[in-house]
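S.K.: give the three-dimensional model of this entry:
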Amino acid sequence: MNEEDLIQQAQQGDIVAFNRLVVQYQELVFNVAYRIMGDPAEAEDVAQETFITAYKSLRSFRGGSFKSWLIRVATNRCYDELRRRKRRPQTSLDAITDENESFAFLRSPGEGPEAHRQRVELALMIERCLKGLPDDQRIVTVLGDVEGYDYQQIAEITSVSLGTVKSRLSRARAKLRDCLQEIGGELLPSAYRLESTGT
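M.R.: Predicted structure coming up:
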């Protein structure tokens, strides 16, 4: 059964069809929430709330990309939770393990112990720098640079203009480069290293 059929059946109240959609997208939703929230327990809560909200509002889905619609729901839930916790201190970073698929793009098959250590350290640096971004910049960075959405898709998911997305992403990338350069040094990929200006 294809996704469109599953969505139609779920819209008619078929919980089995909806559960098949959940299974298909639960890892993606969790990873997006984890990158934005920075805490696995909070990401699990957001993911659960995302699917509850999605089920309740599924009849409002009018076609197009279900994946983008679902990520929009998840992003809105993240915004809600970030607003709630504004006055609470940030939790410390949890170690990134091989079981966590986030930042899987940093992996390379057959890496040795030293390469593995450097990859984990780089991922932790990226995590730390991501957490230092303002919420709106962190969200567009996660959607664009981690999940691979284009500017237009990010604009639709976050309900802001294309120009705002580009501006936020540009500022976020500059801040990430500065942060990574400050704490990272030689571990950084060449794209993030500051070249000598000769001044």
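
S.K.: once you drop chain neighbours, what's closest to the residue positioned nearest the centre of the chain?
M.R.: What sits nearest the mean C-alpha location of the chain, by C-alpha atoms, centre = their mean, is residue 32, with 3.0 Å. Spatially, and ignoring its direct neighbours in sequence, residue 32 is nearest to residue 74 (5.5 Å; C-beta to C-beta, 6 or more residues apart in numbering). No exception for glycine: its C-beta is placed from N, CA and C like everyone else's.

S.K.: next one: the one you found from residue 66, what distance?
M.R.: For residue 74, the distance to residue 66 (C-beta to C-beta, to the nearest Å) stands at 13 Å.

S.K.: follow-up on the earlier one: tell me the buried residues in the helix or strand hosting the residue nearest to residue 32?
M.R.: Using DSSP states H and E, residue 74 maps to helix 66-84. Going by neighbour count (16 or more other C-beta atoms under 10 Å), the buried part of helix 66-84 is 66-78, 81-82.

S.K.: run through who's touching that helix.
M.R.: 3, 7, 21, 25, 28-29, 32-33, 36-37, 42, 45-47, 49-50, 53-54, 57, 61, 135, 139, 143, 147, 149, 153, 156-159 (C-beta atoms under 8 Å, 6 or more residues apart in numbering).

S.K.: and the buried ones among those, selectable in PyMOL?
M.R.: Buried members of these, defined by 16+ other C-beta under 10 Å, are picked up in PyMOL with:
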select buried, resi 7+21+25+28+29+32+33+36+37+42+46+47+49+50+53+54+139+143+147+149+153+156+157+158
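
S.K.: now the phi/psi pair for residue 13, please.
M.R.: For residue 13, the backbone dihedrals (degrees, to the nearest 10) come out as phi 100, psi 10.

S.K.: now it: how far from residue 179?
M.R.: 47 Å.

S.K.: more crowded one of these two?
M.R.: Legend: neighbour count by other C-beta atoms under 10 Å for residue 13 and residue 179, higher for residue 179 (19 against 11).

S.K.: the more buried one in helix, strand or coil?
M.R.: Put simply, residue 179 is helix when judged by DSSP: H, G, I helix; E, B strand; the rest coil.

S.K.: who touches it in this structure?
M.R.: Residues in contact with residue 179 (C-beta under 8 Å, 6+ apart) are 128, 129, 132.
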